[in-house]
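Return atomic coordinates for the entry below.
(2 chains)
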Amino acid sequence: MKKHPVLVNSALIAVPLAAMAISIFFGKYQATPRDILSILISRLWPEVGRSPSPMLEVALLHVRLPRVLLAMLVGMSLSISGASYQGLFRNPLVSSHILGVASGASFGAAIAILYSAPPIVVQLSAFCFGLLAVGIALAISSLYRTSSTLTLVLVGMITTAFFSSLVSYLTYTADANLKLPAIVFWLMGSLSAASLKNLEFAIVPMAVGITALLAIRWRINVLSMGEDEAKALGINTGRLRFMIVLCCTLITSASVCVSGVIGWIGLIIPHFARMIVGPDHKALLPACLSIGGVYLLLVDNLARTLTNAEIPLGILTGIIGAPVFAYLLTRGERWS
Amino acid sequence: MRSRLFLELLLFPAFLSVQFGCSSGYARSSQQPGTSARTTMVTITDMAGRRVTLPSPEYIKRVAIQTSPQVLEAYAIGIQDKLCAVTNSVKMWKALIKVDPRLANIPATRSTNAQINIEALLQANPDVCIGGDLDMQVIESATSLPTLHITQGKPGAFFEQLKKEMSFFGLVFGKTARARAFNEYLDNLQATIRSATADLKPEKKLKVFMGYDADHLTTYGGNTFMNEWIEAAGCLNAAKAISSLGGKEGGLTNVSMEQVLAWDPDIIVIDSGNPPDLYKDAVWSKLSAVKNRTAYRLPVGVFIWNRPSCEAGAILPEWLALMAYPDRFKNMDIKSEVKRFYKDVFHFEFTDEDVRHILSPDGSNDMKR
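Numbering: from 1, shown residues only, chains lettered A, B, ... in the order given. Predicted structure coming up:
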């Protein structure tokens, strides 16, 4: 694989673009490719094309397109933060949710749902509690004298456990007829409510976090060699670590709050990407963006088209992902 | 220190006597079925086909009903004074507390499926427990209280099941006349709606989408009671093609916005937020129902109208029919129909103000009291 870097790199760029372009043509709102193209053309060059139906235009531009973009962005966010954390903690088993962001966000969403809040408040509450959970983890870990990354992982597990219990409590007390289904659907992850508003809400923190991670990605290499080595090279490990955690938290909270909890991607995509481009974070992080985005996009395409009802994403990412990646891992030895 | 010890010693006998007083009080009323010579026992077959021996109707003084819709059936046949334990969710509705202020102080011993606080239930001291299979099995495994199973009917037979349940309640509590009155009310109401909408061709029937939760994207599919209710109103369920998981009672399913656009329903009913929010929304405002202002907020009576209860099963189809085809029901006014329903079925008269709240809930009738 490493013999053809140009080929690999161009595939990593081309495949997501192609996947997005193809995804636009599939959906529950029946439309011919011709109509879809004429809507897109009429939007780009109003003088040339004419929109065949205002309803289709809304379905395409306000529902399907934002959803495709969001699926891409959420997949990118979860996998790049997973890869960064795996490098930072020097542990292949951590994922984007290691510091409690998902359970914090779940609690925020559940409590907002319980109080019949409008969707935007549910989102905001999920976002804020995601940040808060990681904030608590960082605050507690700073109380310990040792600054090892192991402490941070353990504290992350503590906050995760704490907020998961709170979520369990809320689901237990939630009225089974009214609020429970909403909370359960949220916990299983879905992009069914994707809209331009969601996209606008999530895109800024995601773009900021992803750009920053890409900018400092070579330093993660140094960190992953170990703290002492990094210090010997003159890197302020504490600040770098904080920076990485901040970026990852920002993008994972932003994705969890629009999509609900989607497991698996932040754990496994980095491994898959490593099989293709190797362990160097300079190449690994961009590869994660590409592969993670495409993977979630394809899974979401299935979630929204397989049946008339929505299939929760959290279910599909695991059911489809587990066997596929188990197979790939058996072949992985040959690649590395 | 010494004075505190003294105080405790002084209070101890008082504490003991309170305890003793309590327990002896319960001992008197908790005569186990069969132990008292005066209690007549009867054996009946419950809805799961089990033979159960329990006190005859006049000796049932306390009943624990552990499913919310069936608590309403107790009100419909007029035995609410016997309720001694209910569910969490049935206590959340203001209007029901208005009908029966005593309900506020009845313990809620069941929170959700199979989550029953057995000690609290024993404390409530029921002569008989009524509820779903799972909940009753929990009670049977821990106590010797007589239990009656309300087994779910087959999907697609809601109204049959409701009438059967009502007759069963009538039999257990010796209120067969009230039960028959309810079943006749239901039959007459449905006959009225049916005759007014009978000549509607399938393609002329209005398509209804029930959109629940904050994002209005959770609904009931074709194999749920809601499908029957919508069809009883002479309408069609937009989500009929969906087979809801579980099918029986839960049946709520998530759908995508794009799917709702593809259905483009004639009527939308939401249970949170308000229709004017839909008018402003970039996507929802494109739907015919929103453009034509036929998007409504789901009414809330003594219980929410999207659950399989005797209240909603009777009144929701009527409300929907009147909303959908006002021309066909010119002589019927929904406000007086709602008033009549609660008066005839629950023997309670709501004021005009109450009815306004029921039909256009502004949040004041929502959730917790």
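
can you give me the strands for the stretch 101-250 of chain A?
In the stretch 101-250 of chain A, no strands are defined using DSSP state E, counting those that start in this stretch.

Would you mind naming what in it lies close to chain B?
Neighbours of chain B within the stretch 101-250 of chain A, by CB under 8 Å from any CB of the partner chain: A:113, A:115-119, A:122, A:172-173, A:175-178, A:180-182, A:185, A:190, A:192-196. Where you see a C-beta, it was placed from the backbone N, CA and C, and this is true even at glycine.

what about stretch B:55-69, start to end distance?
23 Å (CA to CA, to the nearest Å).

which SSE is B:R293 in?
Under the criterion DSSP states H and E, no helix or strand holds B:R293.

what's the neighbour count on it?
B:R293: 11 surrounding residues under other CB atoms under 10 Å in any protein chain shown.

okay, which residue is most central for chain A?
Among the residues of chain A, the one closest to the centroid is A:L78, at 2.9 Å (CA atoms, centre = their mean).

And that residue, which helix or strand is it part of?
According to DSSP H and E, A:L78 maps onto helix A:65-88.

I'd like to know which elements that helix is packed against.
Secondary-structure packing of helix A:65-88 (3 or more CB pairs under 8 Å, 6 or more residues apart in numbering or on different chains; DSSP states H and E): helix A:5-23, helix A:196-215, helix A:217-224, helix A:237-259, helix A:265-277, helix A:281-305.

Turn those into a markdown table, including mean neighbour count.
Shown next, in a markdown table, are those (neighbours: other CB atoms under 10 Å in any protein chain shown):
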| stretch | mean neighbour count |
| --- | --- |
| helix A:5-23 | 14 |
| helix A:196-215 | 18 |
| helix A:217-224 | 19 |
| helix A:237-259 | 24 |
| helix A:265-277 | 24 |
| helix A:281-305 | 24 |
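
Pipe these into TSV and attach mean pLDDT per row.
Formatted as TSV, the helices and strands packed on helix A:65-88 follow (pLDDT from 0 to 100):
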stretch	mean pLDDT
helix A:5-23	93
helix A:196-215	94
helix A:217-224	88
helix A:237-259	92
helix A:265-277	91
helix A:281-305	94
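
The helix holding A:L78 versus helix A:281-305: what angle between them?
Between the axes of helix A:65-88 and helix A:281-305, defined by axes from the mean of the first three to the mean of the last three CA atoms, to 10 degrees, the angle is 140 degrees.

got the angle between helix A:65-88 and helix A:196-215?
Relative orientation of helix A:65-88 versus helix A:196-215 (the same axes, to 10 degrees): 30 degrees.

so for helix A:65-88, what's the average pLDDT?
Here helix A:65-88 scores 95 as its mean pLDDT.

Off-centre distance for it?
Counting by CA atoms, centre = their mean, to the nearest Å, helix A:65-88 is centred 3 Å from the centre of its parent chain.

now B:N113, nearest residue through space, not along the chain?
The shortest distance from B:N113 to any non-neighbouring residue, by CB to CB, 6 or more residues apart in numbering or on different chains, is to B:L134 (5.9 Å).

would you say that neighbour is within a helix?
Yes: per DSSP: H, G, I helix; E, B strand; the rest coil, B:L134 lies within a helix segment.

hang on, the earlier thing: columns distance to B:L278 on top of the helices and strands packed on helix A:65-88, output as TSV?
Below are these laid out as TSV (distance: least, CB to CB, whole Å):
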stretch	distance to B:L278
helix A:5-23	27
helix A:196-215	14
helix A:217-224	44
helix A:237-259	21
helix A:265-277	33
helix A:281-305	22
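
Spit out the contact partners of the residue nearest to the centre of chain A.
Taking CB atoms under 8 Å, 6 or more residues apart in numbering or on different chains as the criterion, A:L78 is in contact with A:S96, A:T252, A:S255, A:I262, A:I265, A:G266, A:I269, A:G292, A:L296.

Tell me which residues of the helix holding A:L78 come out buried.
Across helix A:65-88, burial judged by 16 or more other CB atoms under 10 Å in any protein chain shown covers A:65-88.

and of the contacts of A:L78, the nearest to chain B?
A:I262 (14.6 Å; CB to the nearest CB).

all helices in chain B, in order from the N-terminus.
B:2-29, B:68-76, B:94-99, B:118-124, B:133-142, B:158-173, B:176-197, B:225-232, B:257-263, B:275-280, B:288-291, B:310-324, B:334-346, B:352-359 (DSSP state H).
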